[in-house]
Structures are given as C-alpha cells and as structure tokens.
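Peer 1: Here is my input, please return the structure:
(one chain, ligands or ions: 1)
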Amino acid sequence: MPTDEPPATPDPHKTARTYGPEANRYDRRTTAYQRWRDAVVAKLDVGTGDTVLDVGCGTGLCMSALHDKVGPSGTIVGIDASDEMLGLARERATNNDWHNVRLLSASEPAALQDVRADGALFCAVHDVLQSPAVLTQVLEHLRPGAPVAAAGGKRPPIWAWGLRGWIRSLHSPYIDDFTGFDRPWRLLAAHVPDLNVRELAFGTGYLATGHTPAPTP
Ligand SMILES: C[S@@+](CC[C@H](N)C(=O)[O-])C[C@H]1O[C@@H](n2cnc3c(N)ncnc32)[C@H](O)[C@@H]1O
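Peer 2: Next up is the predicted model:
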C-alpha cells in the first residue's frame, strides 16, 4: 500500500541493478529532458572557481553546463550509485578534456570525506531526494549558505489526472520507489529553508532552488 513515509536508506545494490542495464541507452532515451537539465544548472548560483556537487550525476549529462559555470579553475564532483553510469561520465569527462571532474562511487561510505562544496545539484534523482540519510550525508559537505538546485518529474496534480499514468510509466525505468512523487522536494525543504519551488509543464515537473542555512553570526 502506498505511503508518504520516506523509505529506508536506499540499497545501492538495488540502484546499481536498476541503472546497470539502462546505462548504455540512458543518454539516447533521455535526450528530450536536456533542456530541463540545462535550465536547472542555469538556476544554480555557482560561479567561476567553485566546487559543485552533482548528486546522482549519472552519465554526466549536466556536466557540460556545470563546466561552463565553474570553469577550468572550478571542480565538479559527481557522485553516483551505479558503476556503469559513472563509467560513461568518466568517458565524457575524458573526451571533453575536463580535468576538473572527480567521480565518486556512492557505494563507498567515505566517498565524500574530503569534499567541501560551494553548491549542489540534484537533477532527476527522485530516489536520492526521498532518503533522509543520503540527503543529510550529502548536504553536510556544503558550506553554509551554499546554493542548491533540484529538478525532476513529479506526479501531476488532480486536475491533470489524465497524465498520471503516462508520467509514471515515463519515469518508471529511472525511479525505484515512487513514494513522495507528489512533492519530491519535501525532504530537501527541511535542509533548505528558503527553498523556492516552481512546478513546470502542467505540474508534471518541478524546479526548486534555495540555499543551505547561512552561518550563524
Ligand atoms: C535518472 S538518473 C539522473 C542522472 C543525471 N543527474 C541526469 O540528469 O541525467 C538518476 C541517477 O541517480 C543515481 N542514484 C540513485 N540513487 C543514488 C544514491 N543513493 N546515491 C547516488 N546516486 C544515486 C542513479 O544511479 C542514476 O545514475
């Protein structure tokens, strides 16, 4: 029975099983979403020389836009649970001569240990956003007052109920658990007090931006 309770910490092996077979066709199957990737990166308030976390980076489809923002003096830290997706992200970085990309495996518990980032991107990572444990782990590596941006699909509102089945099937290859699909940003809002959410495309998607709490004076 569906519940609005967050799931337990996601099993990285389950995620690896979801994305392993999907990795090689992921870019082709999700080309239509590239403008939303570019739109969410455009809203992430990071600049030249910054270190940015690309959480659930997948094959690195947000990295070109992130690289444009932080420049060669900045750093992009991509973290993902799937080795196959990370392998393709690594190939992308090599082919583009992006020497400032670090790729980390989420199955390594201390992966982020030495990372201190100026901002974080959560693009199309519903399962990550539904895990309080993963969110806490990731966000504690951001500086106080760091910008955060998230975007992805969501369950259409009641007035667009006719779209619900279609949206769910569109996202089902990429989501392990649809819990929280009404308001995927809900747990992020607890860490990002000024989170501003805009629903897009008849409520089938969203874009959310804000900052981690500022340092106490
Ligand atoms: C739909 S893809 C999005 C990839 C990329 N952000 C994009 O915009 O194309 C979701 C990604 O999240 C990753 N993922 C799922 N759970 C994760 C976790 N707990 N930690 C890190 N990555 C995770 C998956 O392996 C997958 O690559």
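Peer 1: how about the helix or strand hosting Val148 against the ligand, any contact?
Peer 2: Val148 belongs to strand 147-153 when assigned by DSSP states H and E. No. Strand 147-153 does not reach the ligand (CB under 6 Å from any ligand atom); its nearest approach is 7.9 Å. No exception for glycine: its C-beta is placed from N, CA and C like everyone else's.
Peer 1: What strands line up against that strand, and which way round?
Peer 2: In the sheet, strand 147-153 lines up against strand 119-123 (parallel), strand 205-211 (antiparallel) (DSSP bridges).
Peer 1: So for the top helix by length along the chain, what gets flagged as buried?
Peer 2: Scanning the chain for the helix with the most residues, using DSSP state H, yields helix 83-95. Counting neighbours by 16 or more other CB atoms under 10 Å, one finds that the buried residues in helix 83-95 are 84-86, 88-89, 92-93.
Peer 1: Can you add pLDDT and give these back as a markdown table?
Peer 2: Converted to a markdown table, those look like this (pLDDT from 0 to 100):
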| residue | pLDDT |
| --- | --- |
| Glu84 | 95 |
| Met85 | 96 |
| Leu86 | 97 |
| Leu88 | 97 |
| Ala89 | 98 |
| Arg92 | 98 |
| Ala93 | 98 |
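Peer 1: will you turn those residues into JSON lines that also has distance to the ligand?
Peer 2: Shown next, in JSON lines, are the buried residues of helix 83-95 (distance: CB to the nearest ligand atom, whole Å):
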{"residue": "Glu84", "distance to the ligand": "9"}
{"residue": "Met85", "distance to the ligand": "4"}
{"residue": "Leu86", "distance to the ligand": "8"}
{"residue": "Leu88", "distance to the ligand": "9"}
{"residue": "Ala89", "distance to the ligand": "9"}
{"residue": "Arg92", "distance to the ligand": "11"}
{"residue": "Ala93", "distance to the ligand": "14"}
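Peer 1: how about those residues, which pair is most distant?
Peer 2: Farthest apart among the buried residues of helix 83-95 by CB to CB are Glu84 and Ala93. That separation is 15.4 Å.
Peer 1: rewinding a little: between the buried residues of helix 83-95, which is closest to Asp38?
Peer 2: Using CB to CB, the buried residues of helix 83-95 come closest to Asp38 at Arg92, 15.3 Å.
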